[in-house]
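1. I'd like to go over a predicted model; first the sequence, then the structure.
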Amino acid sequence: MAINSNLLFKFSDYINKRPFKQAFPWIGGDLQTLRDTFIFDLQQAKTNKKILLPINNILSEKFDGDYLLGFLELPENLDFLKGIVLITHGLGGSTRRFGLKRIARKLVNNGFGVLKLNLRGAGSARYLAKGNYSARCSNDIILGLKIFRQLLNSELKDSLKNKEDLPIFGVGLSLGGTILLNACLDFSSKNSRKLLDGLACVSSPLDLLSCSNCIERPRNFLYQKWLMQRLKRQLWDGFKNEGILFPKSSLSKKIKGLKTIGEFDANFTAPSWGFKSLEDYYYQSSPIFRIQNLIKNLPPTLLIHAKDDPWVPYQSTFNLKNSLNESFDKLTILITNKGGHNGFHSNNGCWSDEAVKNWLLSL
């Protein structure tokens with residue numbers, strides 16, 4: 001899908017007129033980051049449809065009954081459906097996360113269909129696939145999207161009123177954005193079609209090593225402890241599958257001994273996805289080292305990051321922005337002084353949600 005330069009100019013004009021301003025009492029990166037944890041979301045999506053997407057075994061082209069679980073939500077009026085947006089969650093998250101549901105509602109209310117996706121082993125999809133997702137679980141995304149496109153053209157054709165060749169966009173929150181970026185970089189087709197027709201990433205790590213080092217800083221002790229509790233629970237909930245590799249007692253000892261994200265990745269993520277070491281996993285799964293050489297594989301892409309993000313350093317995103325030239329016109333990078341990690345809470349709601357919505361409308 002080509003970029004409409006006139007519309008992108010309007011998007012740039014929109015951003016210039018509506019820069020991010022943090023709202024009281026969510027002042028500073030930490031409160032911006034934590035705000036969504038204080039929110040109880042009682043709203044239910046009206047048109048959620050369960051979508052099961054078959055995927056191959058990890059490091060294999062064999063299918064052995066593994067699935068990704070998504071929830072498709074469509075706007076009431078399908079006559080002007082603008083496309084489908086795939087939304088992916090971050091580390092230790094799922095489709096239950098408030099931030100994911102909030103941006104999904106905004107997009108649905110503005111004419112987009114939304115596929116909220118639980119990554120491998122996450123949330124209510126825990127027992128539908130062996131293992132857990134990684135930052136470079138590209139095959140899961142590529143195969144899942146292939147199957148989903150087939151569903152759009154067959155089973156869902158009637159509900160979409162015979163709309164053909166709908167554009168499919170991606171929105172990745174935190175690590176979910178890294179995963180979608182890697183999948184786009186890894187995807188190639190004979191007809192030069194991109195994996196997605198547009199991709200927006202909010203607070204997404206481009207360099208996993210710097211991100212791991214940041215979260216292990218003493219000031220982030222409580223953040224890391226909270227994340228580790230979520231990751232351990234996710235791993236333990238799937239012990240029946242993981243037990244193929246580890247006896248229950250052995251797995252229990254391994255889980256209890258984990259204290260950092262780096263230890264979790266070194267003991268489980270890296271080896272299960274075939275990486276030689278933790279360092280190998282972080283290097284090969286960091287988009288910053290591949291974007292320039294594989295820029296042709298990317299669709300129009302929006303990156304949003306805050307300088308006061310306490311989890312993911314913004315420096316890699318800043319360096320990428322400074323390295324852009326005319327050949328990188330498909331990348332739009334917004335770096336704000338404030339906003340925290342997946343925060344961006346302003347007096348008018350979530351600023352990043354609104355920015356992503358307007359950017360998608362500009363494509």
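-> Structure's in. What do you need?
2. Which pLDDT value goes with residue 297?
-> In this model, residue 297 is scored at 94, pLDDT.
3. Please apply the same query to residue 227.
-> So residue 227 comes in at 92 (pLDDT).
4. Let me know the secondary structure of it.
-> Here residue 227 takes the helix state, with states given by DSSP: H, G, I helix; E, B strand; the rest coil.
5. so the residue lying closest to it once chain neighbours are set aside is in which element?
-> Nearest non-adjacent residue to residue 227, counting by CB to CB, 6 or more residues apart in numbering: residue 92, 5.3 Å away. In short, each C-beta sits where N, CA and C put it, glycine included. Here residue 92, judged by DSSP states H and E, is contained in no helix and no strand.
6. isn't residue 92 right next to residue 230, touching?
-> Yes - Residue 92 is within contact range of residue 230, at 3.4 Å (criterion: CB atoms under 8 Å).
7. So for those two, which sits in the more crowded spot?
-> residue 92 (20 against 14; other CB atoms under 10 Å).
8. mind listing what that one touches?
-> Residues near residue 92 by CB atoms under 8 Å, 6 or more residues apart in numbering: 227, 230-231, 234.
9. measure residue 194 to residue 182 for me?
-> 14 Å (CB to CB, to the nearest Å).
10. Can you give me every residue that contacts residue 181?
-> 172, 199, 201, 204, 206, 287, 291, 298, 301.
11. Check it and give its pLDDT.
-> Reported pLDDT for residue 181: 98.
12. swap in the one 3 residues further on?
-> In the prediction, the pLDDT value recorded for residue 184 is 98.
13. Tell me which helix or strand it sits in.
-> helix 175-186.
14. what lines up beside the next helix or strand after that helix in the sheet?
-> Using DSSP H and E, the helix or strand that directly follows helix 175-186 along the chain is strand 199-202. Sheet pairing of strand 199-202 (DSSP bridges) gives strand 168-173 (parallel), strand 301-306 (parallel).
15. Identify the residues contacting the first one?
-> Taking contacts as CB under 8 Å, 6+ apart, the residues outside strand 168-173 that touch it are 83-90, 93, 97, 99-100, 103, 107, 112, 145, 148-149, 177-181, 184, 196-204, 342, 356, 360, 363.
16. Just the buried residues of those.
-> Buried members of these, scored by 16 or more other CB atoms under 10 Å, are 83-90, 93, 97, 99-100, 103, 107, 112, 145, 148, 177-181, 184, 196-204, 342, 356, 360, 363.
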